[in-house]
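Peer 1: This is the structure alone, sequence omitted:
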């Protein structure tokens, strides 16, 4: 019974995990096409409910319709009916076992008594030579305290590589944050610049777009300046153009209010004669 219960729980966990994975894939697809966070989570919930309903309906149909029909087909075979009859029959215990157990127990006592007597007779007395050999120290005895396990060469190399990767990633983020502060400090107040650096950091460290409150740029900056800024940080981070375009559209919603995401994605790397934020082509 306990084994069947564990198998039942494992089956339901696997089904639930599959439904959640399908919902997460649907959410990632929605994010890829530019949907916001709330809509993508709503897609996840709706998709999970629909897939779960489809599974339970199929299970109910199989239990109530297909399973009886299949069992009815198998009942036509004589071997299948005989197996069911054998399983349902329960053999009664034989009373002779009760009579045999005391006899076997008495025989066990006799055998144990005889073996004890024979062991006492056959056990030799220890001699002085044996006692001397027993007192000699063993040369090959292992040490009582083991040495601590040293990390293998692979573990050491892997740890060094991960540390180097972390340092490179942090250096890249610091460089972009320094560029952000130096470029936009004349056109943002202190609080807005601090929030923008936080959004840029979260955008770099997270796979999905962060939740932001729009930041209003100075009227001195045009839409092309905001696009150039997005292109420069997105290229430094190695982010896709569509994801970067969606990010700056949300952050600079006021400046880019009349520009679509597809237009930002297409024109963010274009150069114009009059712009303050220069395009970094390195």
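Peer 2: Yep, it's here. Computed from a predicted structure; not experimentally measured.

Peer 1: in the stretch 101-250 of the chain, which segments are predicted with low confidence?
Peer 2: 101-148 (pLDDT under 70).

Peer 1: if you set the cut-off to 80 instead, what comes out?
Peer 2: By pLDDT under 80, the weakly predicted segments of the stretch 101-250 of the chain are 101-149.

Peer 1: Buried ones in the stretch of helix or strand residue 168 belongs to, by neighbour count?
Peer 2: Using DSSP states H and E, residue 168 maps to helix 153-184. Neighbour counts over helix 153-184 (16 or more other CB atoms under 10 Å) mark 173, 176-177, 179-180, 183-184 as buried. Yep, even glycine has a C-beta here, placed from its N, CA and C like the rest.

Peer 1: can you list the residues that contact stretch 188-198?
Peer 2: Applying CB atoms under 8 Å, 6 or more residues apart in numbering, the contact partners of stretch 188-198 are 177, 180-181, 184-185, 213, 215-218, 251.

Peer 1: ugh, wrong one, I meant stretch 228-246
Peer 2: Residues from elsewhere that reach stretch 228-246 (CB under 8 Å, 6+ apart): 32, 34, 172, 175-176, 179-180, 183-184, 200, 203-204, 209, 247-248, 261-262, 264-265, 268-269, 275, 277-280.

Peer 1: Figure out the length between the terminal residues of it.
Peer 2: Start and end residues of stretch 228-246 are separated by 14 Å (CA to CA, to the nearest Å).

Peer 1: Now do it: distance to the chain's middle.
Peer 2: 28 Å (CA atoms, centre = their mean, to the nearest Å).

Peer 1: for that stretch, which positions count as buried?
Peer 2: For stretch 228-246, the neighbour count (16+ other CB under 10 Å) marks 228-237, 239, 241-246 as buried.

Peer 1: Now intersect these with the helices, please.
Peer 2: 228-237, 241-246 (DSSP state H).

Peer 1: Run through the residues that contact residue 200.
Peer 2: Applying CB under 8 Å, 6+ apart, the residues near residue 200 are 176-177, 180, 233.

Peer 1: distance of it from residue 215?
Peer 2: In this view, residue 200 and residue 215 are 11 Å apart by CB to CB, to the nearest Å.

Peer 1: and if you look at residue 3?
Peer 2: Residue 3 sits 59 Å away from residue 215 when distances are taken as CB to CB.

Peer 1: Tell me the buried residues in the strand or helix carrying residue 3?
Peer 2: Assessed by DSSP H and E, residue 3 sits inside helix 2-32. For helix 2-32, burial by neighbour count (16+ other CB under 10 Å) applies to 19, 22-23, 26-27, 30-31.

Peer 1: quick check, nearest of those to residue 64?
Peer 2: If you rank the buried residues of helix 2-32 by distance to residue 64 using CB to CB, residue 19 comes first, at 21.9 Å.
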